[in-house]
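S.K.: My questions concern the predicted model and sequence given below.
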Amino acid sequence: MNKTTAAVAITRCATYSKEDLTASLKLILDEGGMMDVTDKTILLKPNLLSDAPPEKAITTRGEVVEVLIRLLYERGAKKIYAGDSPGIHTNHFIPKHSGIYDAVVNSGAQWIHFSDETVMKKIPYTYGRKLPLPAIIDEVDYVFSVAKMKTHQLMYITGSVKNLFGLVPGLHKSGSHLRYPTRESFSRLICGLYKVNRPQFSIIDGIISMEGAGPANGVPRYTGLLLGGREAPSVDTAMSVIMGVDPLTVPLLETLHKKNLTDFDRLEDIPFPLLSPSDLVIEDYKRIDQDRQTNLFNALIGPFFTRKFKFNHQKKEPRPIFIDDSCIGCGRCITICPGKALSFSSDRKISADYKKCIRCYCCHEVCPADAIEIEQRE
Ligand code: SF4
Ligand code: SF4
């Protein structure tokens, strides 16, 4: 049976000005086939890895969120919520530095704390694992993933589907890294999250994206693009092509495909009514060095045996290195580390026990001082 393949709209957007964003987002919503939102309630899930200033390109830009909210209200939406739950911040944090909170309230939407009311959901593909997810996802008519185009040390790239991991409140995310430490097992977890909560529309902010050591310590790069469509895996596939990464070498995209969670078989099946990603490939984009270790051993390692068997394999993965001169001693890396591999030494330097380190790179993601580097392999 032929699948009906949803379109992915890609357009240039020169700046984060209201005028440019309004024109480009209208195109994305129309050509990406956005559903009728009249009288609908909507949850926006921006990528708010940490409440970093917008110029660092760690978060979805507030301007994108604000213009999107205004457009959705113009099109008849009844009520719009926005929220995220970064691992390191407290339950009731307000994302002031990133500008996202102001963007949300200035445009008439409501900021929501994901940890306030949660429901336990069984996550497919995880051997029965249950995770708390914000109750609001069952209350709204539509969820929009509003992600950022970035590299990602563990997943190689992060876009619309990986953005859903932020639905898991706070430090519950760290526990998930511990149970699913390989790229393959973590991809299965994210696929499960996607299956229980498929966003009805996905938008990626690729105006200023992040290359290099993403998702938190990379370098902002002007790429001048917005992407959007009904099917998050298709939107991420297009983004991957633009970043110069073969989508089927990205474990998450590969797993989505294997689990029949994509609505296309080949890139050629996806309609691109505006720009085609093949014409937008950024050859010199600074990508994450890929480890093609996908094999039967990795694929079969489940949560039961991971701690025991994983370490030999993980020793080959790049490890986080702690730069004493840059460290401000905030302790965020220690708090978030799922392997309990980090501690302060007596002179308050970070001490790492690499036998416990599962190479999840959460420490690297949350460090506010660029004091953690990922060791490059020879
Ligand atoms: S030290 Fe960093 S990479 Fe290693 S387990 Fe802890 S958070 Fe993950
Ligand atoms: S390495 Fe980074 S996150 Fe860890 S204590 Fe130092 S500044 Fe904080």
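M.R.: Yes, it's here. Residues are numbered from 1 along each chain as shown. Ligands and ions are numbered 1, 2, ... in the order given.
S.K.: Leaving out sequence neighbours, find the closest residue to residue 195.
M.R.: residue 124 (5.0 Å; CB to CB, 6 or more residues apart in numbering). The C-beta positions use only the backbone N, C-alpha and C, and glycine is treated the same way.
S.K.: was I right about that neighbour contacting residue 192?
M.R.: Yes: checked against CB atoms under 8 Å, the pair residue 124 and residue 192 is within contact range at 4.2 Å.
S.K.: Between these two, which has more neighbouring residues?
M.R.: Set residue 124 next to residue 192 and count neighbours by other CB atoms under 10 Å: residue 192 wins out with 22 against 18.
S.K.: okay, that one: pLDDT?
M.R.: Looking at residue 192, its pLDDT is 97.
S.K.: likewise residue 152?
M.R.: 95.
S.K.: same thing with residue 115?
M.R.: Here, the pLDDT recorded for residue 115 equals 89.
S.K.: number of nearby residues for the residue nearest to it when sequence neighbours are not counted?
M.R.: Excluding its sequence neighbours, the residue lying closest to residue 115 (CB to CB, 6+ apart) is residue 169, at 3.9 Å. Counted by other CB under 10 Å, the residues lying close to residue 169 total 20.
S.K.: What strand or helix carries residue 169?
M.R.: Assigned by DSSP states H and E, residue 169 falls within no helix or strand.
S.K.: now do the one 4 residues further on
M.R.: Residue 173 is part of helix 172-179 when elements are defined by DSSP H and E.
S.K.: May I see the buried residues of that helix?
M.R.: For helix 172-179, burial by neighbour count (16 or more other CB atoms under 10 Å) applies to 173-174, 176-179.
S.K.: How about stretch 201-220?
M.R.: Neighbour-count burial for stretch 201-220, counted by 16+ other CB under 10 Å, picks out 201-218, 220.
S.K.: near ligand 1, anything from it?
M.R.: No: using CB under 6 Å from any ligand atom, stretch 201-220 never reaches ligand 1; the gap is at least 12.0 Å.
S.K.: end-to-end on that stretch?
M.R.: 25 Å (CA to CA, to the nearest Å).
S.K.: Please state the mean pLDDT value computed over it.
M.R.: On average, stretch 201-220 scores 96.
S.K.: Give me the distance from that stretch to the chain's centre.
M.R.: Computed by CA atoms, centre = their mean, to the nearest Å, the separation of stretch 201-220 from the middle of its chain amounts to 10 Å.
S.K.: right, and residue 273 touches residue 10 too?
M.R.: No: applying CB under 8 Å, one finds residue 273 not in contact with residue 10, separated by 9.0 Å.
S.K.: Among those two, which residue is more densely surrounded?
M.R.: Per other CB under 10 Å, whichever of residue 273 and residue 10 has more neighbours is residue 10, with 29 against 16.
S.K.: Pairing-wise in the sheet, spell out the partners of that one.
M.R.: Beta-bridge pairing for residue 10 (DSSP bridges): residue 227.
S.K.: Domain map for this structure?
M.R.: Domain assignment for the chain, taken from automatic domain parsing, gives 8-279, 318-374.
S.K.: Hmm, residue 131 is touching residue 120, no?
M.R.: Yes: if you go by CB under 8 Å, residue 131 and residue 120 touch, sitting 7.2 Å apart.
S.K.: More neighbours: which of these two?
M.R.: residue 131 (22 against 9).
S.K.: Spit out the contact partners of the more buried one.
M.R.: By CB atoms under 8 Å, 6 or more residues apart in numbering, the residues touching residue 131 are 120-121, 123, 168, 172, 176, 193.
S.K.: Let me have the residues you listed in JSON lines, extended by distance to ligand 1.
M.R.: Shown next, in JSON lines, are the contacts of residue 131 (distance: CB to the nearest ligand atom, whole Å):
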{"residue": "120", "distance to ligand 1": "25"}
{"residue": "121", "distance to ligand 1": "25"}
{"residue": "123", "distance to ligand 1": "21"}
{"residue": "168", "distance to ligand 1": "16"}
{"residue": "172", "distance to ligand 1": "15"}
{"residue": "176", "distance to ligand 1": "12"}
{"residue": "193", "distance to ligand 1": "20"}
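S.K.: and which of these is nearest to residue 319?
M.R.: residue 176 (20.4 Å; CB to CB).
S.K.: Residue numbers of the chain in contact with ligand 2?
M.R.: Proximity of the chain to ligand 2, by CB under 6 Å from any ligand atom, involves residues 322, 327-333, 350, 366-367, 369, 371-372.
S.K.: Can you flag the buried ones in the residues you listed?
M.R.: Among the residues of the chain next to ligand 2, those buried by neighbour count (16+ other CB under 10 Å) are 322, 327, 332-333, 350, 366-367, 371-372.
S.K.: quick one: pLDDT of the residue of the stretch 151-300 of the chain found nearest ligand 1?
M.R.: Residue nearest to ligand 1 within the stretch 151-300 of the chain (CB to the nearest ligand atom): residue 177, separated by 6.7 Å. Per-residue pLDDT puts residue 177 at 85.
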